[in-house]
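> give me the fold of what follows.
(one chain, ligands or ions: 3)
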Amino acid sequence: MPDQLILRVAVPAPLYNCFDYLPPDGVLSSSLLPGVRVSVPFGRGTRCGVLLELISDPGTEPRRLKPAYSILDEEPLFATSDLELLVWAGRYYQHPVGEVIANALPVRLRKGEPPVSVMEKRWQLTALGRQQSLSELKRAPKQVALLKLLHDSTKGLTQGQISNQLGAYRSVLQAVEKKGWVASIDQAASMATPAGAIEATYTINTDQQAAVDAVDIGQFGVYLLDGVTGSGKTEVYLTLARNVVNSGKQALILVPEIGLTQQLIRRFEKRLGEGVAVLHSGLGERERERAWHMARLGHATVVLGTRSALLTPLPRLGLIVVDEEHDLSYKQQDGFRYSARDIAVIRSQRRGCPVILGSATPSLETLHNAQSGRYKHLQLTNRAGGAKPAPMNLLDIRSVRLQAGLSPVLIEKVRETLASGNQALLFINRRGYAPIVTCHDCGWIAECRRCDARMTLHGASGILWCHHCGSQRRLDPRCPECGTDDLRSLGQGTERVEEVLSQLFPEVGIARIDRDTTRRKGSLDKLLEGIRKGKYSLLLGTQMLAKGHHFPDVTLVGILDVDQGLFGADYRAAERMAQQIVQVSGRAGRAEKPGRVLIQTRHPDHPMMQLLIKSGYRAFAEEALAERQAALFPPFSYQVLLRAEAPLESAPRAFLDEAYEQGILLANGRVEFWGPVPAPMERRAGRYRAHLLLQSNQRSDLQRLLPQWVNFLSGLKSARRVRWSIDVDPQEMF
Ligand code: ADP
Ligand code: ZN
Ligand code: ZN
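Ligands and ions are numbered 1, 2, ... in the order given. So this is what the prediction gives:
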């Protein structure tokens, strides 16, 4: 076999290099293209990797290479440019390239299964189905909804489209199929035309039009769309996306994790037509994968999804939008710790297309880039449709008697709001019933056995739950220390506030929105639907309630407690607090009715709080940026965090000490090393944790250091006794 090329394969494994194989027996390497999956022997097992390149000189004796088992795809799943982006990302974030590429694949493909067919079933009404009188079906509302939906479609609907609109509908579909009212046909999936698109019911306003006009869809550019809450940023995205689609290209729209609601999906499908592929966790594995293929093959013209959608291969990419670009969910916090927002910028640059970063509360990094002229700054300063911004006021709660964290003034304002027929929204960023359970007699406090943390009480029934490791135990009515039965819970989470509210306002519907009430698929959408329909007048929740939602009848927003943000250990705490306040406040007075915002605080004179309330987010951000500059924190410097954890207390430190020594040697004085120090929560889930922070004024100094350093770390004996990870551009220090 003289001229056989060698296969260089990215294999998912915690190793930083790629692996070389001979082609499978009987396969000519010249017939292969990079981007196909390859099944290869690896260690004692088999792995599914992706062919990165074909090389003539591997540097190893070909006789020592093993042949791959088989080629799993007839055509590449990734174009070369998409592979190059993934390789770049692996290098930038110091994550094994095989795992990065596996991250970009749908689950089934990762496991080596054959791609699902893009042929898909489309459901249509039969003649019999068309004759059904819906009024006779009153007792089966789900069937009615389904029949109506199918009635309005001309080409029939896929299961994915049906579940996008209606949630879990498989059993209903089966029921009406049995009755002979609907039937399916297999069709080659085709979404390429923006068929079915409907115009907006309003006309785009001049500010929005100016923002659209400022974007050159023909070339690379980063745009910060800095628009106050309710200014109609989504309309700008929709218009740009449609322009891009009309020019024959694809648009990729990223939204924060909980921003992908049925309402938003419907809005996009309505305006951009059937070409919208949605990548959301509510879909089954196969449907999700089909949407992914539709994007990859260029059949889908718009891809809408959360963080991981960024890695979808798109042959005609012409626009990326990152909505709420400041949102933390764009940064993956484990495994491949990438920032989808930051890679979006790189991807657009490589592709030569624009990227829009939208927010009412831009991150300081992005704002800094806009101010220095690297990003173009587009502003929407007014609410669309003429609604006025809601004024913010501080409520001093020092020496005020609170009822589950609610001051008498706030309760009174809630009462007035409800009496006038409007909705009130209360924000508290803590779920559960109470954050502390203590013994009144001896002072014992319920703590997690595996973490340096207190257990949160859930349910008046009494389950203690650690929010850091997830361990649970039943609350024993007697104190484990002194045996008395005088245990008390202190402070409040959403559950306790809900309990008190239902006593104060027994006749009012209360919607509590937090991770516990929305765990089941579709439950968040149900609650949001209830809010829009007026079933609930009192809305209570964590940050899940703060983001992006449009509730026209909310006129009062009450913020129970944000003071932690003023004194947080993390230098980003104040930025996050300000973003949270502004985002929650943005839910008030979004339609014709004017709104107001009341913020309870024990530090009404704090200068940053004053600045935010009196002068707004922009003024706050300027000041916060000045502080960062003085301290040389990001965005005026760049950071990398090396974390280590182990059950043995001394192990992380031993590893980090060695890492430090070698790091200093390699860095030649161009990088600062802070630590090693114990993590803010030193013990978590039974492991001791510590970290070493690297900082430099130049990204390139860190990037130059990392490959050698990481290579050194992988070889350390002390590394085998810890779990360690590299976090480039860390967002959280915990
Ligand atoms: P943002 O994302 O900036 O907070 P949205 O895009 O959700 O704001 O828009 C807020 C509200 O304003 C929505 O109900 C939207 O339908 C409405 N809206 C957007 N643009 C216009 C416009 N040009 N005229 C009237 N209403 C508009
Ligand atoms: Zn006790
Ligand atoms: Zn714990």
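> using PDB, write out every CA atom in stretch 519-533.
Taking Å, rounded to 0.1, in the frame of the first residue of the first chain, the C-alpha atoms of stretch 519-533 are listed here in PDB:
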ATOM      1  CA  ARG A 519     -38.400  21.300  36.600                       C
ATOM      2  CA  ARG A 520     -40.800  19.400  34.500                       C
ATOM      3  CA  LYS A 521     -40.800  20.000  30.700                       C
ATOM      4  CA  GLY A 522     -43.400  22.600  29.700                       C
ATOM      5  CA  SER A 523     -44.200  23.700  33.200                       C
ATOM      6  CA  LEU A 524     -42.500  27.100  32.800                       C
ATOM      7  CA  ASP A 525     -44.500  27.700  29.600                       C
ATOM      8  CA  LYS A 526     -47.700  26.800  31.400                       C
ATOM      9  CA  LEU A 527     -47.000  29.300  34.200                       C
ATOM     10  CA  LEU A 528     -46.100  32.000  31.700                       C
ATOM     11  CA  GLU A 529     -49.200  31.300  29.700                       C
ATOM     12  CA  GLY A 530     -51.300  31.600  33.000                       C
ATOM     13  CA  ILE A 531     -49.600  35.000  33.700                       C
ATOM     14  CA  ARG A 532     -50.500  36.300  30.200                       C
ATOM     15  CA  LYS A 533     -54.000  35.100  30.500                       C
END
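> can you give me the mean pLDDT across that stretch?
Regarding stretch 519-533, the rounded mean pLDDT is 88.
> residues of that stretch that come out buried?
Neighbour-count burial for stretch 519-533, with 16 or more other Cβ atoms under 10 Å as criterion, is recorded at Leu524, Asp525, Lys526, Leu527, Leu528, Ile531. For glycine as for every other residue, the C-beta is placed from the backbone atoms N, C-alpha and C.
> of these, which belong to helices?
Leu524, Asp525, Lys526, Leu527, Leu528, Ile531 (DSSP state H).
> mind putting these into a markdown table with distance to ligand 3?
Conversion of those to a markdown table gives the following (distance: Cβ to the ion, whole Å):
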| residue | distance to ligand 3 |
| --- | --- |
| Leu524 | 26 |
| Asp525 | 31 |
| Lys526 | 31 |
| Leu527 | 28 |
| Leu528 | 31 |
| Ile531 | 33 |
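> which of those residues lies closest to ligand 1?
Set against ligand 1, the nearest of those by Cβ to the nearest ligand atom is Leu528 (13.5 Å).
> can you pull the contacts of Ser363?
With contacts taken as Cβ atoms under 8 Å, 6 or more residues apart in numbering, Ser363 has the following neighbours: Glu325, His326, Glu575.
> Asn697 contacts Pro635, correct?
No - with contact defined as Cβ atoms under 8 Å, Asn697 does not count as touching Pro635 (11.2 Å).
> so the two - more neighbours on which side?
A side-by-side neighbour count of Asn697 and Pro635, using other Cβ atoms under 10 Å, places Pro635 first with 17 against 14.
> tell me the pLDDT of that one.
Confidence per residue is given as pLDDT, and for Pro635 that number is 96.
> any idea whether it is helix, strand or coil?
Following DSSP: H, G, I helix; E, B strand; the rest coil, Pro635 is assigned to coil.
> domains of the chain?
According to automatic domain parsing, the chain is divided into the following domains: 6-110, 119-188, 206-384, 392-433+492-627, 638-728.
> now the ones you listed in TSV, with distance to ligand 1?
What follows is the domains of the chain, written out as TSV (distance: least, Cβ to the nearest ligand atom, whole Å):
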stretch	distance to ligand 1
domain 6-110	28
domain 119-188	19
domain 206-384	3
domain 392-433+492-627	5
domain 638-728	30
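> what's the most buried one of the ones you listed?
Highest mean neighbour count among the domains of the chain (mean count of other Cβ atoms under 10 Å): domain 206-384, with a mean of 21.
> pull the contacting residues for Thr381.
Under the criterion of Cβ under 8 Å, 6+ apart, the contact list for Thr381 reads Asp207, Gly227, Val228, Ser231.
> all helices for the stretch 151-300 of the chain, in order.
Secondary structure of the stretch 151-300 of the chain (DSSP state H, counting those that start in this stretch): helices located at 159-166, 170-178, 206-214, 233-246, 262-272, 285-296.
> wait, which of these is closest to Cys442?
Each of the helices of the stretch 151-300 of the chain was checked against Cys442 via Cβ to Cβ, and the shortest separation belongs to helix 262-272, namely 50.7 Å.
> so what touches the closest one?
Residues external to helix 262-272 that are found in contact with it (Cβ under 8 Å, 6+ apart): 161, 164-165, 167, 194, 196-200, 234, 238, 241-242, 245, 253, 255, 276, 278, 280, 301-302, 304, 525, 528-529, 532, 548, 550.
> could I get the domains of the chain as TSV with distance to ligand 2?
Conversion of those to TSV gives the following (distance: least, Cβ to the ion, whole Å):
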stretch	distance to ligand 2
domain 6-110	46
domain 119-188	48
domain 206-384	37
domain 392-433+492-627	20
domain 638-728	23
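> the spatially closest residue to Leu224 that is not a sequence neighbour is in what secondary structure piece?
Computed as Cβ to Cβ, 6 or more residues apart in numbering, the closest residue to Leu224 that is not its neighbour in sequence is Ala370, at 4.4 Å. Secondary-structure element containing Ala370, defined by DSSP states H and E: helix 364-371.
> what packs against that helix?
strand 221-227, strand 376-380, helix 617-631 (3 or more Cβ pairs under 8 Å, 6 or more residues apart in numbering; DSSP states H and E).
> give me that answer again for 7 Å
Of the remaining helices and strands, those touching helix 364-371 by 3 or more Cβ pairs under 7 Å, 6 or more residues apart in numbering; DSSP states H and E are helix 617-631.
> average pLDDT across whichever helix or strand comes after the helix it packs on?
Counting by DSSP H and E, the next helix or strand C-terminal to helix 617-631 is strand 638-646. Strand 638-646 shows a mean pLDDT of 97.
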